[in-house]
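Chemist: Coordinates for the following, if possible.
(2 chains)
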Number of protein chains: 2
Amino acid sequence: MRLALAEARDAGARGEVPVGAVVVDDRTGHVVAAGNRVEELADPSAHAEILAIREAAAAAGRPRLDGMDLYVTLEPCAMCAAAISLARVRRLIFGAYDPKMGGVEHGARVFDQPTCHHRPEVVGGVAEQEAAALLKEFFKEKR
Amino acid sequence: MRLALAEARDAGARGEVPVGAVVVDDRTGHVVAAGNRVEELADPSAHAEILAIREAAAAAGRPRLDGMDLYVTLEPCAMCAAAISLARVRRLIFGAYDPKMGGVEHGARVFDQPTCHHRPEVVGGVAEQEAAALLKEFFKEKR
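Modeler: Numbers count the residues shown, from 1 in each chain, chains lettered A, B, ... in the order given. Just a heads-up that it's a prediction; the model follows:
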């Protein structure tokens, strides 16, 4: 989560919403880190989680991340939560809760749907205050 | 939808789940078409809708597709539905309904959440039989 927070800080410095994500493969020791790049890439799907998942899957040479864990500084939105499920991520560890945009504990609650084919283990609220403070500061400066 | 169906057929011929998507910008006449490339790209996010949205956004030079319409042969999953919302797509026209994986009329019902910030106009069941037949044939051959 330290590394995800560093990615979040970098994203904020680039003018992106400060969210960072890291995919860890315990077995190989392979680690992939990414920050939000929505504005830079002009890509609405370029959330930190999607970028990290795409890079980890490309490195693995397959579209599934079985056995891998994803750390992200903010509760994933519905898009990212569904991507996490599609990618068969083993464990999702997230920082701040997101009542407005979150799709795990809020809104679409993607993993709680009976049609959800893979539900990762979920741990929320890890380094929550630090992750939330980054976001709060970012949006305060924007307004 | 003709073009989306052709993309779906191409995807099936490549061994991908046969789904195709097209983004149309009325004002510029710009059209982007894509088919599923999950296996080919080893990318769990490489659904037809995401690929079409990414290409259209890159062409527009901004992460929002205001005023653009998305045609897709199958009801989008929760990942794609949320991406459609994030991208501010104006109108979503889809073919077959998907009770197992769909996230629009089934499962997470992304656009129906009170936290959904942009809900496109939705028209489902367009060329439904043709789109459904493609999928049925694909999965019959797989089994």
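Chemist: Next up, the contacts around A:D98.
Modeler: A:L74, A:E75, A:C77, A:H106 (C-beta atoms under 8 Å, 6 or more residues apart in numbering or on different chains). The way it works is simple: take the backbone N, C-alpha and C, and place the C-beta from them, glycine included.
Chemist: Check for me that it belongs to a strand.
Modeler: No - A:D98: not assigned to a strand; according to DSSP: H, G, I helix; E, B strand; the rest coil it is coil.
Chemist: So which of the contacts of A:D98 reach chain B?
Modeler: Intersecting the contacts of A:D98 with the surroundings of chain B, defined as C-beta under 8 Å from any C-beta of the partner chain, gives A:C77, A:H106.
Chemist: Select from the contacts of A:D98 every entry located in helices.
Modeler: The helices, defined by DSSP state H, take in nothing from these.
Chemist: Please render the contacts of A:D98 as TSV that adds neighbour count to the earlier fields.
Modeler: Listed next are the contacts of A:D98 as TSV, based on neighbours: other C-beta atoms under 10 Å in any protein chain shown:
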residue	neighbour count
A:L74	29
A:E75	28
A:C77	30
A:H106	18
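Chemist: Which of the contacts of A:D98 sits closest to B:E40?
Modeler: Taking C-beta to C-beta as the measure, B:E40 lies nearest A:C77 of these, at 26.1 Å.
Chemist: Residues in a beta bridge with that closest one, which ones?
Modeler: Note on A:C77: beta-bridge partners by DSSP bridges are A:G102.
Chemist: re the thing from before, in strands, which of the contacts of A:D98 appear?
Modeler: When the contacts of A:D98 are checked against strands (DSSP state E), the matches are A:L74.
Chemist: what pLDDT, on average, does the longest helix along chain A get?
Modeler: In chain A, taking DSSP H as the definition, the longest helix is helix A:128-142. Averaged across helix A:128-142, pLDDT comes to 93.
Chemist: From start to finish, how long is stretch A:110-120 in a straight line?
Modeler: Taking C-alpha to C-alpha, to the nearest Å, the first and last residues of stretch A:110-120 lie 11 Å apart.
Chemist: what about that stretch and chain B, touching?
Modeler: Yes - judged by C-beta under 8 Å from any C-beta, stretch A:110-120 comes into contact with chain B through A:V110, A:Q113, A:P114, A:T115, A:C116, A:H117.
Chemist: List buried members of those by neighbour count.
Modeler: Using 16 or more other C-beta atoms under 10 Å in any protein chain shown as the burial test, the residues of stretch A:110-120 next to chain B include A:V110, A:Q113, A:T115, A:C116 as buried.
Chemist: How far does the helix or strand of chain A with the lowest mean pLDDT sit from its chain's centre?
Modeler: Sorted by mean pLDDT, DSSP states H and E, the helices and strands of chain A end with helix A:128-142, the least confident at a mean of 93. Remark: helix A:128-142 is offset 16 Å from the chain centroid, using C-alpha atoms, centre = their mean, to the nearest Å.
Chemist: and if you look at stretch A:118-128?
Modeler: Distance, stretch centre to chain centre, for stretch A:118-128: 10 Å (C-alpha atoms, centre = their mean).
Chemist: For it, buried residues please.
Modeler: For stretch A:118-128, burial by neighbour count (16+ other C-beta under 10 Å) applies to A:P120, A:V122, A:G124, A:V126, A:A127, A:E128.
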